[in-house]
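[1] Have a look at this prediction, sequence included:
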Amino acid sequence: MSSTSSFSPAGCRSSFCFCAQEARLHTSWTVDNPGRRFFGCRFWKVDGGGCKYFNWLDDPIEERAKSVILSLLKKKK
């Protein structure tokens with residue numbers, strides 16, 4: 001089964017999950033993907049967990065950028 005996506009007026013791609021609902025845009029703050037945005041099923045953290053749809057919006061982060069972001073986050077704490 002596949003999902004569909006389109007572009008919103010702001011130029012940001014919107015995405016629909018396998019539940020046929022508009023997916024929510026999230027931001028990852030993990031060590032591997034700090035600041036990287038992704039779409040996920042809007043029911044991901046609700047009871048049954050939705051359809052488990054997941055799709056990165058941003059390209060992978062380069063190591064240097066990842067290092068800078070993590071350093072800035074560490075200083076903020």
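    Perfect, I can see it now.

[2] Can you pull out the low-pLDDT segments for the protein?
    Within the chain, the ranges that satisfy pLDDT under 70 run 1-13, 77.

[3] in it, which spans are strands?
    Assigned by DSSP state E, the chain shows strands spanning 4-7, 13-16, 24-28, 36-40, 54-56.

[4] Point to the residue nearest the middle of the chain.
    residue 38 (1.3 Å; C-alpha atoms, centre = their mean).

[5] so which of the strands of the chain comes closest to residue 67?
    Closest to residue 67 of these is strand 36-40 (C-beta to C-beta; 14.2 Å). Where C-beta positions appear, they are placed from N, C-alpha and C, glycine not excepted.

[6] I'd assumed residue 29 was in contact with the residue nearest to the centre of the chain.
    No: using C-beta atoms under 8 Å, residue 38 is not in contact with residue 29, being 11.5 Å away.

[7] all helices of this protein, in order?
    63-76 (DSSP state H).

[8] Please verify my assumption that residue 53 contacts residue 22.
    No: here residue 53 lies out of contact with residue 22, judged by C-beta under 8 Å, at a distance of 10.8 Å.

[9] ok now do the closest residue to residue 28 other than its chain neighbours, which residues does it touch?
    Residue nearest to residue 28 in three dimensions, not counting chain neighbours: residue 36, with 4.8 Å by C-beta to C-beta, 6 or more residues apart in numbering. Residue 36 makes contacts with 27-28, 56, 58, 60-61, as judged by C-beta atoms under 8 Å, 6 or more residues apart in numbering.

[10] buried subset of the residues you listed?
    Among the contacts of residue 36, those buried by neighbour count (16 or more other C-beta atoms under 10 Å) are residue 61.

[11] Now the contacts of residue 36 in CSV, please, with extra columns for distance to residue 14.
    Listed next are these as CSV, based on distance: C-beta to C-beta, whole Å:
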residue, distance to residue 14
27, 16
28, 18
56, 14
58, 15
60, 21
61, 22
